[in-house]
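J.: Sequence plus the predicted model coming up.
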Amino acid sequence: MKVVIYSRVSTITQDYKRQTDELMEYARKMGFEVIGTFEEKISGGKNNEDRPKLMAMINYIKENSVDKVLCWELSRIGRNTIEVLKTIKLLNDNCISLFIKNYNIETLNDKCEINALSQFMIQILTSVSEMEKTTIRQRVKSGYDSFRKNGGKVGRKEGFRKDDEALLTEHKDIVKLLKQDFSVRKVMKLTDKSSGTVQKIKRLLAEA
């Protein structure tokens, strides 16, 4: 059986190695042939089209004979319910099962038929994941608003300036994409960082 692995983390400081290693070990135990591995560091809340490695995987499975996609956790496929279901439908339409390791569930059975119970669980899990993301965002915003109302100031202290080299190191994801000639707007989408930050890094690279 030919399979591909998809791993994702949300930020540049996180590492997807553990996900990939566990899935590789699972594939070895099951006797699967891993013919592709797709890993990325990007927010799961983004649209599928704004996630390069996910799109690369989708294009790959359309052009190659793949039986199954392995992922460590459903939220690794995404935290946007509509986008996750779109991905699963595309896999189903191509008779490719999605295996979610932490729940040990698959979207299709051996006859390429939709597993109704798995489909039901996936819809619930993606909805809960999206709700959690929204709740966290609302709590953070509420905390900032409360802090400001009580006289607090958000942002860097006056006169604070990071060393240019440290700034480039901190935003290695932006540097990498800019060096690949991605536009400022595209880099903003892929890294979830502000226009000001991306423009600053672009200016530093031009001066280097």
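T.: Sure, I can see it.
J.: Quick one: name whatever helix or strand follows the worst-scoring helix or strand of the chain on mean pLDDT.
T.: In the chain, no helix or strand scores lower on mean pLDDT, DSSP states H and E than helix 116-149, which sits at a mean of 72. Once the chain leaves helix 116-149, the next helix or strand it forms, by DSSP states H and E, is helix 164-170.
J.: centre of the chain versus that next one, how much separation?
T.: Distance of helix 164-170 from the chain centroid (Cα atoms, centre = their mean, to the nearest Å) equals 24 Å.
J.: Any idea what Val3 is bridged to?
T.: In this structure, Val3 bridges to Val34, Lys68 when assessed by DSSP bridges.
J.: what number of residues lie near it?
T.: Number of residues near Val3 (other Cβ atoms under 10 Å) recorded here: 22. Quick note: C-beta positions are derived from backbone N, CA and C, even for glycine.
J.: For it, which residues are in contact?
T.: Ala27, Phe32, Glu33, Val34, Ile35, Val66, Asp67, Lys68, Val69, Leu70, Phe99 (Cβ atoms under 8 Å, 6 or more residues apart in numbering).
J.: repeat that for 7 Å
T.: Taking Cβ atoms under 7 Å, 6 or more residues apart in numbering, we find Val3 in contact with Ala27, Phe32, Glu33, Val34, Val66, Asp67, Lys68, Val69, Leu70.
J.: Can you tell me which of those residues is closest to Asn94?
T.: Nearest to Asn94 among the contacts of Val3 is Val66, at 7.9 Å by Cβ to Cβ.
J.: How confident was the prediction at the closest one?
T.: The score at Val66 is 96. That number is its pLDDT.
J.: So the closest residue to Met57 other than its chain neighbours, which state does it fall into?
T.: Spatial nearest neighbour of Met57, excluding adjacent residues (Cβ to Cβ, 6 or more residues apart in numbering): Phe38 at 4.2 Å. Of the three states, Phe38 takes strand according to DSSP: H, G, I helix; E, B strand; the rest coil.
J.: Who are the contact partners of Phe38?
T.: For Phe38, the contact set (Cβ under 7 Å, 6+ apart) comprises Val4, Ile5, Tyr6, Lys53, Ala56, Met57.
J.: That one and Asp164, how far apart?
T.: Look at Phe38 and Asp164: by Cβ to Cβ, to the nearest Å, they are 33 Å apart.
J.: Same question for Gly143.
T.: Gly143 is 31 Å from Asp164, by Cβ to Cβ.
J.: same question, Gln180
T.: Using Cβ to Cβ, one gets 21 Å for the distance from Gln180 to Asp164.
J.: Which residue of the two possesses the greater neighbour count?
T.: A direct count of neighbours by other Cβ under 10 Å for Gln180 and Asp164 places Asp164 higher, at 14 against 9.
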